[in-house]
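> coordinates for the following, if possible.
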Amino acid sequence: MPSGSQQARDAIMAGWYKTLAERGIDLHGITNLSGTTPPSVFVGSYNYPEVYVGPMVSLVHDDTDHSDSPEMWSGMTLDEIVRLRLNMVRGIRQMRADSPEGRYVESLQEVTMSSRPSDSDLTFDGPIRGAAINGRGNDGTCAPFGPVGSILSARFADTAGAIRPIERVFYDSDLGASDAVMSLYGAGTEISKIQRCLSMGMMGRRRRLIPTKWSITAADSIISSRLLDDVLEYGMVDSCRAFWHEHLDNVFAVVLFPHRWIYELVEAWHTASGVGAGAYLHSTRTMFGSDAEDARRRREPAETAGAYHAAKLGVLEYLHGRGIQAGVLVLREIRPEYAVPVGVWQVREGVRAAMRKSPVILDGIGDAVEWAASVTGVLETEWIAHSKMMKRNLLGQTSIDDF
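Residues are numbered from 1 along each chain as shown. Prediction:
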């Protein structure tokens with residue numbers, strides 16, 4: 001893949017168009033589409049509360065089971081994930097978020113509950129509009145998708161076989177939304193499915209459509225908050241532990257240290273001004289962002305947005321599963337080759353993958369931070385300078401207890 005982000009995006013788009021041509025698919029003039037939905041739905045945030053909602057239907061007749069299941073994308077390349085998503089046509093129809101009623105919404109909710117892909121027939125009010133990918137910011141909350149079309153009519157067949165835990169919370173109108181989320185999580189439902197149910201107004205006492213990108217962060221936040229309630233009652237970890245994982249040109253380094261709950265995510269993202277580790281180390285075009293909290297929780301919006309909650313959930317699952325509490329530092333390096341943001345799911349899954357590995361046990365927090373920085377292309381001094389927690393403690397300005 002070319003080193004420049006725009007060249008990389010251009011290469012992905014060119015490869016996708018070539019694949020469509022080889023399959024005899026011409027995007028120009030498509031006003032009807034018969035295909036399968038994974039199942040997948042999307043609620044936009046533009047013009048809220050008058051939102052655009054609809055199914056995601058595949059352009060190609062391949063196996064679509066995993067087209068909207070990030071938990072199954074482990075080991076795929078960025079190119080493969082983006083092309084998979086570009087094959088998904090997003091149908092839209094405008095609706096009020098506070099009135100999730102009518103046959104159209106009911107059909108989408110049935111699709112969301114389905115345990116297998118659903119056959120779909122969509123008719124649009126004009127030709128579908130072409131796909132585009134971008135690299136806005138250092139991350140996008142949602143995975144990318146392909147062409148978009150305004151729906152005149154939609155028919156969904158074979159939506160039988162509802163996922164039982166989802167069906168139960170859907171019909172329990174007395175169950176609060178947070179409790180419903182935790183019920184599904186406790187039943188082993190994938191977070192991507194929980195998020196879609198939340199987005200489609202399928203749980204809680206006051207039901208409404210929630211934009212997809214908001215529901216993704218909401219699901220991560222609800223689950224991590226409940227896990228933290230338990231973690232705060234556990235004893236502290238007895239050593240400094242460091243973990244590491246790299247995927248999709250994102251590097252995650254996690255440090256746990258003996259302390260009551262305190263958590264910080266520090267992100268460093270590079271522009272495409274250089275190639276190779278040396279260029280990263282000496283680049284003046286590296287930007288940073290950080291957010292943190294202690295046991296009092298975070299109430300203001302995070303600068304690192306949905307990535308903050310996604311990484312937090314990945315770590316809390318580890319602590320909760322082992323019955324321990326810890327201070328936590330997560331370093332995330334975003335390299336220039338990460339040319340197309342594919343969603344904060346990759347932060348959650350990247351941290352989860354790191355926490356599944358055997359930890360490196362180190363003598364103290366200083367050694368642990370040094371080790372964590374060494375697996376990235378950013379100098380330790382830079383990480384410390386941009387970390388509220390580490391800068392104050394390691395440079396002796398104050399105790400970490402005063403953070």
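
> now stretch 42-62: buried residues?
Buried residues in stretch 42-62, counting neighbours by 16 or more other Cβ atoms under 10 Å, are found at 42-44, 51-60. C-beta: built from backbone N, CA, C; applies to glycine.

> save these as JSON lines, and put in pLDDT too.
Formatted as JSON lines, the entries for the buried residues of stretch 42-62 read as follows, by pLDDT from 0 to 100:
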{"residue": "Phe42", "pLDDT": "94"}
{"residue": "Val43", "pLDDT": "96"}
{"residue": "Gly44", "pLDDT": "94"}
{"residue": "Val51", "pLDDT": "96"}
{"residue": "Tyr52", "pLDDT": "96"}
{"residue": "Val53", "pLDDT": "97"}
{"residue": "Gly54", "pLDDT": "96"}
{"residue": "Pro55", "pLDDT": "95"}
{"residue": "Met56", "pLDDT": "92"}
{"residue": "Val57", "pLDDT": "92"}
{"residue": "Ser58", "pLDDT": "89"}
{"residue": "Leu59", "pLDDT": "88"}
{"residue": "Val60", "pLDDT": "82"}
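
> can you pick out the most distant pair from those residues?
Distance extremes for these: the farthest pair is Val51 and Val60 at 27.6 Å, using Cβ to Cβ.

> pull the residues that contact the longest helix anywhere in the chain.
The helix of greatest length in the chain, counted in residues with DSSP state H as the criterion, is given as helix 212-231. Around helix 212-231, the neighbours that count as contacts under Cβ atoms under 8 Å, 6 or more residues apart in numbering are 42-45, 141-142, 177-178, 181-182, 185, 191, 194-196, 198-199, 210, 261, 297, 305-306, 309-310, 312-313, 316-317, 319-320, 324-325, 343-345, 348.

> got it, and stretch 195-209?
For stretch 195-209, the surrounding residues in contact (Cβ under 8 Å, 6+ apart) are 40-43, 51, 53, 68, 95, 97-100, 105, 108-109, 112-113, 166, 169-170, 173-177, 180-181, 184, 210-212, 214-216, 218-219.

> show the average pLDDT along whichever strand or helix holds Leu331.
Remark: Leu331 resides in strand 327-334, with elements defined by DSSP states H and E. Model confidence over strand 327-334, given as mean pLDDT, is 97.

> packing partners for it?
Based on contacts counted as 3 or more Cβ pairs under 8 Å, 6 or more residues apart in numbering; DSSP states H and E, the elements that strand 327-334 packs against are strand 250-257, strand 262-270, helix 306-322, helix 345-356, helix 365-374, helix 388-394.

> list the neighbouring strands of that strand plus their orientation.
Taking DSSP bridges as the criterion, strand 327-334 sits next to strand 250-257 (antiparallel), strand 262-270 (parallel) in its sheet.

> can you put these in CSV and add mean pLDDT?
Converted to CSV, the strands paired with strand 327-334 look like this (pLDDT from 0 to 100):
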stretch, mean pLDDT
strand 250-257, 97
strand 262-270, 95
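
> wait, which of the ones you listed is closest to Met355?
Taking Cβ to Cβ as the criterion, strand 250-257 is the member of the strands paired with strand 327-334 that comes nearest to Met355, at 6.7 Å.

> got the angle between that closest one and helix 365-374?
170 degrees (axes from the mean of the first three to the mean of the last three Cα atoms, to 10 degrees).

> now strand 250-257, how far from the centre of its chain.
Here the centre of mass of C-alpha atoms in strand 250-257, compared against the chain's by Cα atoms, centre = their mean, to the nearest Å, lies 17 Å away.

> got any ranges where the chain has weak pLDDT?
Across the chain, residues meeting the criterion (pLDDT under 70) sit at 1-4, 62-63, 134-141, 158-160, 272-284, 392-403.
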